[in-house]
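A.B. asks: Sequence and predicted structure, then a few things I'm wondering about:
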Amino acid sequence: MANWFYASEGKQQGPFPEGQFRDLVTQGVVRGDTLVWTEGMAGWQKAAEIPGLMAGGGAPPMIPAAGRPLAPGAGGQGAGALSIEFGILEWTWRTIAMLIGMCFVIPVPWVFVWYTKWIVSCVKVPGRPNLSFTGNAMTLVPWFFGFLVLSIAIAFTEISLLNNLMFIVQLVLYWLLLKWMIANLASNGQPIGLSFVGSVWAYIGWSLLFAISIVTIIGWAWVAAAQIRWMFRNIEGTRREIVFKGTGLGILWRGIVAALLFSLIIPIPWVYRWIMNWYASQTELVPKSAAF
């Protein structure tokens, strides 16, 4: 079966099996003016110039014979675990710049979006080339400064009930931030169309349970694993299931090792990359029929 390549932002993407490549066409990742190439072609051509490739241009690919498995990624955009790739020096200077910016308070929305755009671009997702974040910092401005003003006002009242209420308001804002971030994920510059549908009350419940579990010292790790699985189950807009296979024990011992090494300061970048790589490797995309 032919493998296809396409060009995006001056870079070659591929190879993609026939079925997966046609999924990219259907999703709009490969458009009519996208340059594509496969074995047997004299050179790169626009997708619209190739008979039968674009929607409506010809018959769909042949259905495999009975008992023959589909090509990798056919009908499911590919499956497998996520990964994350970034250099230690780049992570270090970007993280320091973000922390400095946050110390000045006012730049927080812009610094946060700047950093998020970079870290998202480091994540590699099967079947989703060139992952990116398209959120605008101005969306965060009213949330952030509104919360900041409210926090200062309540701090002067010294009423404990209002302080507890602020904690709930903060959780609601985190929930809105999660929805906003997932909705602004894109691939090859095109919105993926994901949405987070978990209710705000469930999110508050999970967060309170996590806070309570800290008291048990070790219970927090199992609550964290369960909360991540809950969040992934509530992401819609993809034909694949997002599954977190990490365990509470795996989170616990890595958290202990990370805390010890963080205290030494110098290993922080390497430890952070190690932790991020583990979480990514435990996050898999599988066909929905195979998620259980």
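C.D. replies: Looks like it arrived, so ask away. What you are looking at is a predicted structure, and each value in this text was computed from that prediction instead of being measured. Numbers count the residues shown, from 1 in each chain.

A.B. asks: How is the chain divided into domains?
C.D. replies: Following automatic domain parsing, one gets these domains for the chain: 3-49, 80-290.

A.B. asks: Where among the ones you listed is average confidence lowest?
C.D. replies: Of all the domains of the chain, mean pLDDT reaches its minimum on domain 3-49 (a mean of 81).

A.B. asks: any chance you could map the helices in the protein?
C.D. replies: 18-27, 88-103, 108-121, 137-157, 160-183, 200-213, 219-233, 248-262, 268-281 (DSSP state H).

A.B. asks: Out of those, which is the most enclosed?
C.D. replies: Highest mean neighbour count among those (mean count of other C-beta atoms under 10 Å): helix 18-27, with a mean of 21. Backbone N, C-alpha and C define where each C-beta goes, glycine included.

A.B. asks: With just CA atoms, put that helix into PDB.
C.D. replies: Taking Å, rounded to 0.1, in the frame of the first residue of the first chain, the C-alpha atoms of helix 18-27 are listed here in PDB:
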ATOM      1  CA  GLU A  18      -3.200   5.400   2.500                       C
ATOM      2  CA  GLY A  19      -6.000   5.100   5.000                       C
ATOM      3  CA  GLN A  20      -4.400   7.500   7.500                       C
ATOM      4  CA  PHE A  21      -3.600  10.000   4.700                       C
ATOM      5  CA  ARG A  22      -7.200  10.100   3.500                       C
ATOM      6  CA  ASP A  23      -8.300  10.700   7.100                       C
ATOM      7  CA  LEU A  24      -6.000  13.800   7.000                       C
ATOM      8  CA  VAL A  25      -7.800  14.900   3.800                       C
ATOM      9  CA  THR A  26     -11.200  14.400   5.400                       C
ATOM     10  CA  GLN A  27     -10.100  16.400   8.500                       C
END
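
A.B. asks: Could you dump the helices of the chain into CSV and include distance to Arg240?
C.D. replies: Formatted as CSV, these follow (distance: least, C-beta to C-beta, whole Å):
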stretch, distance to Arg240
helix 18-27, 11
helix 88-103, 28
helix 108-121, 18
helix 137-157, 27
helix 160-183, 15
helix 200-213, 22
helix 219-233, 11
helix 248-262, 23
helix 268-281, 16
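
A.B. asks: And those: which comes nearest Lys11?
C.D. replies: Closest to Lys11 of the helices of the chain, according to C-beta to C-beta: helix 108-121, at 12.8 Å.

A.B. asks: So which bits of stretch 121-135 are buried?
C.D. replies: For stretch 121-135, the neighbour count (16 or more other C-beta atoms under 10 Å) marks 122-133, 135 as buried.

A.B. asks: Give me the subset of the residues you listed lying in strands.
C.D. replies: Applying DSSP state E to the buried residues of stretch 121-135, the entries found in strands are 123-124, 131-133.

A.B. asks: Name the pair among those residues with the greatest separation in space.
C.D. replies: So, those by C-beta to C-beta: farthest apart are Lys124 and Phe133, at 14.4 Å.

A.B. asks: And for Leu162, nearest residue in space, chain neighbours not counted?
C.D. replies: Nearest-residue entry for Leu162: Ile154, 4.6 Å, with adjacent residues in sequence omitted and distances by C-beta to C-beta, 6 or more residues apart in numbering.

A.B. asks: From Tyr279, how far off is Gly237?
C.D. replies: Separation of Gly237 from Tyr279 (C-beta to C-beta, to the nearest Å): 21 Å.

A.B. asks: Repeat that for Trp253.
C.D. replies: Going from Trp253 to Tyr279 by C-beta to C-beta gives 14 Å.

A.B. asks: again, but for Val111
C.D. replies: Counting by C-beta to C-beta - Val111 and Tyr279 are separated by 23 Å.

A.B. asks: ok, now Ser132?
C.D. replies: Note on Ser132: its distance to Tyr279, by C-beta to C-beta, is 20 Å.
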